[in-house]
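[1] Quick one, what's the 3D model for this:
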Amino acid sequence: NQDSENDKPFDIKGNLKKADGFSNKITLINDEDKKFQINVPDGLDDIVKMYWDDNVIVTIKKSGKHFQLIDINKDE
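    Take a look at the predicted model:
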């Protein structure tokens, strides 16, 4: 089943460029200048603020047409 393949979490390295507190979305730009709009669940929004404009590694999963944040860490 192809849908279950999409549900597997994966990591992306990039720069946290934009955060929208109203819609709980962040924008991550990877090394190839590709933009990822990622939904941030309640509870992770405070953690995301610490990484504003930093290089980060995010763990996300695809949920339908959207990406859902699972974890975020600074890229050392």
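
[2] In the protein, what residue spans correspond to strands?
    Secondary structure of the chain (DSSP state E): strands located at 10-20, 25-29, 35-39, 55-63, 66-74.

[3] For the first one, buried residues please.
    Burial within strand 10-20, assessed by neighbour count using 16 or more other C-beta atoms under 10 Å, is assigned to 12, 14-16, 19. (C-beta placed from N, C-alpha, C; glycine too.)

[4] how about stretch 47-64 as CSV, C-alpha atoms only?
    What follows is stretch 47-64, C-alpha atoms only, in CSV (Å, rounded to 0.1, in the frame of the first residue of the first chain):
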residue,chain,number,x,y,z
ILE,A,47,10.4,24.4,21.3
VAL,A,48,10.3,25.6,17.7
LYS,A,49,10.8,29.3,18.8
MET,A,50,14.3,28.3,20.2
TYR,A,51,15.5,27.4,16.7
TRP,A,52,14.3,30.5,14.8
ASP,A,53,16.7,31.2,11.9
ASP,A,54,18.9,28.3,12.9
ASN,A,55,20.0,25.3,10.9
VAL,A,56,18.0,22.4,12.2
ILE,A,57,17.1,18.8,11.5
VAL,A,58,13.4,18.1,11.6
THR,A,59,11.7,14.8,11.7
ILE,A,60,8.4,14.9,9.9
LYS,A,61,5.8,12.7,8.4
LYS,A,62,3.5,13.2,5.5
SER,A,63,-0.1,13.4,6.4
GLY,A,64,-2.2,13.7,3.2
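
[5] can you offset everything so residue one is 16?
    All set: I'll call the first residue 16, so the last point we hit is now stretch 62-79.

[6] what is the mean pLDDT for it?
    Average pLDDT, stretch 62-79: 91.

[7] now, among the buried residues of strand 25-35, which is nearest to residue 86?
    residue 27 (11.4 Å; C-beta to C-beta).

[8] Low-confidence regions, this protein specifically.
    For the chain, the stretches with pLDDT under 70 are 16-21.

[9] repeat that with 90
    Scanning the chain for pLDDT under 90 picks out 16-22, 32-39, 56-67, 78-80, 91.

[10] ok, back up a step: could you point out which of the strands of the chain sits nearest residue 62?
    The closest approach between residue 62 and any of those, judged by C-beta to C-beta, belongs to strand 81-89 at 6.3 Å.

[11] No further questions, thank you.
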